[in-house]
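Asker: structure here, sequence nowhere to be found:
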Ligand SMILES: O=C(O)CCC(=O)C(=O)O
């Protein structure tokens, strides 16, 4: 009985004071999944991929994006890498300097700044030993199986303004794997100008977030940075829009 009372008291106390990710993490550690500081439909795994898994996924993603660029740009990067005395040891060293990439200044809708991107049709699993296992682990978090994958590489000063993903382009959930420099994900209810609900979390390399159902459709998401924070690459997995498929 004493233990139960302590649990109730402590839980009540925590429920009234969760408003930062570290408090949320502490709560999850103490109470397991019973308390979530996020709205239903939002999940966050702060340390899902270990460093070796992050390096594999980042290496494969950069190689796919590089393959889409003009030969002259690829040559400049090849020269850069061959001038380096050793192979990269950290994730941040796996990115070449910003000026060696062809980043777009702005997306057609003005939401994304300083980026390159591609829709992926296949992963180079034959060239990256162990990649398949990493992809299977990531896909184990996806609520459904029919998916599409998008790679988004932000320059050191790249960011993404608040938006709701085009509802005709994908279905009811969005999963984001973060690699490279940490940014902040801000989520804000889109249709309640007076009493909107809002939260933000830091999304370090190796973390994964999922927005589904109401959160996917009624919250805007933005990727913010405080200053020049370094390059970041996200692997964005979405379900297909089944309504579109059945037309
Ligand atoms: O990079 C991210 O985590 C979010 C990307 C995004 O906002 C989008 O693709 O619509």
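Answerer: Perfect, thanks for sending it. Treat the numbers as computed from the prediction; the structure is a model and nothing was measured. Numbering: from 1, shown residues only.

Asker: tell me the secondary structure for residue 210?
Answerer: Following DSSP: H, G, I helix; E, B strand; the rest coil, the label given to residue 210 is strand.

Asker: spit out the contact partners of the nearest residue to it once chain neighbours are set aside.
Answerer: Ranked by Cβ to Cβ, 6 or more residues apart in numbering and with sequence neighbours excluded, the top spatial neighbour of residue 210 is residue 43, at 4.4 Å. From N, CA and C alone the C-beta is placed, and that goes for glycine too. Residue 43 sits next to 36, 141, 209, 210 when contact means Cβ atoms under 8 Å, 6 or more residues apart in numbering.

Asker: secondary structure element for residue 43?
Answerer: strand 42-45 (DSSP states H and E).

Asker: any part of the helix or strand just after that strand near the ligand?
Answerer: As assigned by DSSP H and E, the chain's next helix or strand after strand 42-45 is helix 51-67. No. With Cβ under 6 Å from any ligand atom as the criterion, the ligand is not reached by helix 51-67; the gap is at least 12.0 Å.

Asker: got the buried residues for helix 51-67?
Answerer: By 16 or more other Cβ atoms under 10 Å, the buried positions in helix 51-67 come out as 53-62, 64-66.

Asker: for it, packing partners?
Answerer: Contacts defined by 3 or more Cβ pairs under 8 Å, 6 or more residues apart in numbering; DSSP states H and E place helix 51-67 against strand 112-120, helix 131-139, strand 147-163, strand 173-180, strand 232-239.

Asker: please name the strands paired to the fourth one in the sheet, noting orientation.
Answerer: Pairing partners of strand 173-180, with direction, according to DSSP bridges: strand 208-212 (antiparallel), strand 232-239 (antiparallel).

Asker: out of those, flag the one nearest residue 135.
Answerer: Closest to residue 135 of those is strand 232-239 (Cβ to Cβ; 9.1 Å).

Asker: now do the closest one against strand 112-120, angle only.
Answerer: 50 degrees (axes from the mean of the first three to the mean of the last three Cα atoms, to 10 degrees).

Asker: list the residues that contact the residue of the chain found nearest the ligand.
Answerer: Residue of the chain nearest the ligand, by Cβ to the nearest ligand atom: residue 234 (3.3 Å). The contact partners of residue 234, taken as Cβ under 8 Å, 6+ apart, are 151, 152, 154, 176, 177, 178, 179, 223.

Asker: including distance to residue 120, could these go into TSV?
Answerer: Converted to TSV, the contacts of residue 234 look like this (distance: Cβ to Cβ, whole Å):
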residue	distance to residue 120
151	6
152	11
154	17
176	14
177	12
178	17
179	14
223	19
